[in-house]
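Asker: one predicted model, sequence on top.
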Amino acid sequence: MPTILVIDDNATNRETYTDILQADGHTVMAAATGEEGLAKLTAAAVDAVLCDLKLPNLDGLATMELAHERFGNVPWILITGFGNEETAVAAIKQGAFNYLTKPVDLGRLKATVESAVRMANANRENKALRRDLGYDEALDRIVGTSAQIKAVKTTIRQVARTDATVLIEGESGTGKELVADAVHALSNRSGRPYLKINMAAIPRDLLESELFGHERGAFTGAVSQKKGKFEAADAGTLFLDEIGEMPLDSQVKLLRVLQDGSFSRIGGNQALNADVRLVCATNRNLKQEVLANRFRMDLYFRLNVVHIQVPPLRERREDIPLLALSFLDRLNRRYQTQKELSEGLLQHLRRMDWPGNVRELENHIEKLYVLTSGKIVGPEIAGVAPARVPAPANHRSEVPATQAPVGPDEAIAALVGLPLDEVERRLLLATLAHFEGNKSKAARQLQIGVKTLYRKLQEYGLPSEEHGDAAEVGAKA
């Protein structure tokens, strides 16, 4: 049975819309403000929203934008006063499904809601099909083709549709939250609430209230009852980021919830139950934290049902160009430009260690982007001299006689951080260029056989045909 959320500050309108839609077989939730409507969306999956444009504090358009940002593109039907059609049409361009004008024609209301529900069902089916075929937007956001990233994506697909607790470990900036998002997006709970809480960002004395809620008067400042994240995430997923920062006394209470699924609000006696799938992340090594008595061993084993280790960027350098280009594409779309990253800059980025990982790379690309006035973002923008790429075989580089040659220390420094096969490939090219393409001389200099040289050239996809110059033919004779 489709669920419709009605948001209108007029009580008579809310009751009328509710009665009409319930008579049509829909489940209806009602809210008087945009803030209340967002809270309803957090608590339950909704097929469509019927929302008045003019609301106190947060208007209908702003409510829609926040809802789409937090919960995806839920079909949104705006109700506008007479003469506000231009605003409504602009809202459709911003993502609204449709609009109705006051006084609302009830027949058109029912037909528009039915269309919105059909679109929501089609979107769900399409998402399920993409998921079955191994495609998903949440997985696409994890950029990379390295073996490590492929292994992470494989594990996500394997565990997503279960209810197993997942522990994600990795250095800061590696993309642990993206992994958590993908686990939820591919799960059977994807249409249910997905709440996040950063354990390091919540003051110690407020953490338990944030997780389990509190009753009115439970402590100074508790002027009303508040639901905690466990209660709000019922039937959905709760992501606890930086779980390694959780105080020991709070760990005990979290363990109790994981053991029997029940908890109480602070200051309350009523036992509450919540069906929540838990996903946790930390930049600490929890095994070491357990040995140091900073994390409970029993809680660690409860959380570490499925373990996903997100690799640092320095261990998957082949993904750096892909990530850099994806960040550039995002910036081009944001600023409506067509800037490009030069090959020299991509080589430079690949050699760097990136202690801040993907987050640092993203910030670095944005810095280079805004500092570049032209179309090409090159290494000189980063304060690095453009890398010298060895000339291909049988190609004489037109280097001015006044240009100083690159010293051995500089040449070695340019190779630091590159994979070994790339170093060998460059060495082959440079040696061939030095001997003007004569493979016999290059092989002798490299102290390998000519056949071995040909094989390596073929392995690296480099030109390996015989040039037939006199020196090489004489050498073979």
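Answerer: Yes, it's here.
Asker: flag the shaky bits of the stretch 301-450 of the chain, pLDDT-wise.
Answerer: Low-confidence segments of the stretch 301-450 of the chain (pLDDT under 70): 382-419.
Asker: which residues in it form strands?
Answerer: In the stretch 301-450 of the chain, the strands defined using DSSP state E, counting those that start in this stretch lie at 306-309, 340-341, 376-377.
Asker: what number of residues lie near N293?
Answerer: For N293, the neighbour count with other C-beta atoms under 10 Å is 9. Any C-beta I mention is one placed from the backbone N, CA and C, and that applies to glycine too.
Asker: what does the residue most central in space within the chain show for phi and psi?
Answerer: For the chain, the residue nearest the mean C-alpha position is L178 (3.6 Å; C-alpha atoms, centre = their mean). Recorded main-chain torsions at L178 are phi -60, psi -40, according to degrees, to the nearest 10.
Asker: residues in contact with it?
Answerer: Counting by C-beta atoms under 8 Å, 6 or more residues apart in numbering, L178 makes contact with A138, R141, I142.
Asker: any of those buried? List them.
Answerer: A138, I142 (16 or more other C-beta atoms under 10 Å).
Asker: distance to I168 and mean neighbour count added to the strands of the stretch 301-450 of the chain, as TSV?
Answerer: Output for the strands of the stretch 301-450 of the chain, formatted as TSV (distance: least, C-beta to C-beta, whole Å; neighbours: other C-beta atoms under 10 Å):
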stretch	distance to I168	mean neighbour count
strand 306-309	5	17
strand 340-341	30	18
strand 376-377	32	18
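Asker: tabulate those (TSV), appending distance to M29.
Answerer: Shown next, in TSV, are the strands of the stretch 301-450 of the chain (distance: least, C-beta to C-beta, whole Å):
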stretch	distance to M29
strand 306-309	34
strand 340-341	48
strand 376-377	49
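Asker: got a list of what A274 touches?
Answerer: The contact partners of A274, by C-beta under 8 Å, 6+ apart, come to F230, E231, A233, D234, V257, G261, F263.
Asker: P193 versus that one, what's the distance?
Answerer: Using C-beta to C-beta, to the nearest Å, we find A274 at a distance of 10 Å from P193.
Asker: now do the shared contacts for the two.
Answerer: Joint contacts of A274 and P193 (C-beta under 8 Å, 6+ apart) are A233, D234.
Asker: would you map the helices across the stretch 351-477 of the chain?
Answerer: Shown for the stretch 351-477 of the chain, the helices assigned by DSSP state H, counting those that start in this stretch span residues 357-371, 408-415, 420-434, 439-446, 450-459, 470-476.
Asker: ok, and which of the ones you listed has the densest surroundings?
Answerer: Using mean count of other C-beta atoms under 10 Å, the stretch among those with the largest mean neighbour count is helix 439-446, at a mean of 18.
Asker: show me what that helix is packed against.
Answerer: For helix 439-446, the contact count by 3 or more C-beta pairs under 8 Å, 6 or more residues apart in numbering; DSSP states H and E identifies helix 420-434, helix 450-459, helix 470-476 as packing neighbours.
Asker: can I get those helices in CSV with distance to T112?
Answerer: Listed next are these as CSV, based on distance: least, C-beta to C-beta, whole Å:
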stretch, distance to T112
helix 420-434, 58
helix 450-459, 62
helix 470-476, 78
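Asker: out of the ones you listed, flag the one nearest R294.
Answerer: Smallest distance to R294 across the helices and strands packed on helix 439-446 (C-beta to C-beta): 38.9 Å, for helix 420-434.
Asker: mind giving me the packing neighbours of that closest one?
Answerer: If contacts are counted by 3+ C-beta pairs under 8 Å, 6+ apart, helix 420-434 sits against helix 439-446, helix 450-459.
Asker: got a list of what L255 touches?
Answerer: Contact partners of L255, counting by C-beta under 8 Å, 6+ apart, are R296, D298, L299, R302.
Asker: sorry, wrong one. I was asking about T174.
Answerer: By C-beta under 8 Å, 6+ apart, the contact set of T174 is V310, P311, P312, L313, N357, V358.
Asker: hmm, try it at 10 Å
Answerer: Neighbouring residues of T174 by C-beta atoms under 10 Å, 6 or more residues apart in numbering: 152, 168, 281, 283, 309-313, 315-316, 354, 356-359.
Asker: neighbour-wise, which one of those residues leads?
Answerer: When the contacts of T174 are compared by neighbour count (other C-beta under 10 Å), I168 ends up highest, at 27 neighbours.
Asker: contacting residues around it?
Answerer: Contacts of I168 by C-beta under 10 Å, 6+ apart are 152, 156, 174-180, 183, 239, 241, 243, 279-283, 306-310.
Asker: and if we set it to 7 Å?
Answerer: By C-beta atoms under 7 Å, 6 or more residues apart in numbering, the contact set of I168 is K176, V179, A180, C280, A281, I308, V310.
Asker: now, among the residues you listed, which is nearest to A120?
Answerer: A180 (24.5 Å).
Asker: next, count neighbours for that closest one.
Answerer: Neighbours of A180 (other C-beta under 10 Å): 24.
Asker: repeat that for N198.
Answerer: With other C-beta under 10 Å as criterion, N198 counts 14.
Asker: what's the answer for T12, then?
Answerer: 8.
Asker: likewise A11?
Answerer: A11, neighbours per other C-beta under 10 Å, totals 10.
Asker: tell me how far the closest residue to it other than its chain neighbours lies from T12.
Answerer: Of all residues not flanking A11 in the chain, A32 sits nearest, at 7.5 Å (C-beta to C-beta, 6 or more residues apart in numbering). A32 is 12 Å from T12, where distance means C-beta to C-beta.
Asker: one more: F295?
Answerer: Per C-beta to C-beta, F295 is found 55 Å from T12.
Asker: ok, now N126?
Answerer: Counting by C-beta to C-beta - N126 and T12 are separated by 38 Å.
Asker: ok, L346 next?
Answerer: Distance, L346 to T12, using C-beta to C-beta: 62 Å.
Asker: would you list the helices and strands packed on helix 420-434 in a markdown table and tack on distance to S115?
Answerer: Listed next are those as a markdown table, based on distance: least, C-beta to C-beta, whole Å:
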| stretch | distance to S115 |
| --- | --- |
| helix 439-446 | 69 |
| helix 450-459 | 58 |
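Asker: among these, which is nearest D105?
Answerer: Distance to D105, taken as C-beta to C-beta, is lowest for helix 450-459 among the helices and strands packed on helix 420-434, at 71.2 Å.
Asker: centre of the chain to that closest one, how far?
Answerer: Chain-centre distance of helix 450-459: 42 Å, with C-alpha atoms, centre = their mean, to the nearest Å.
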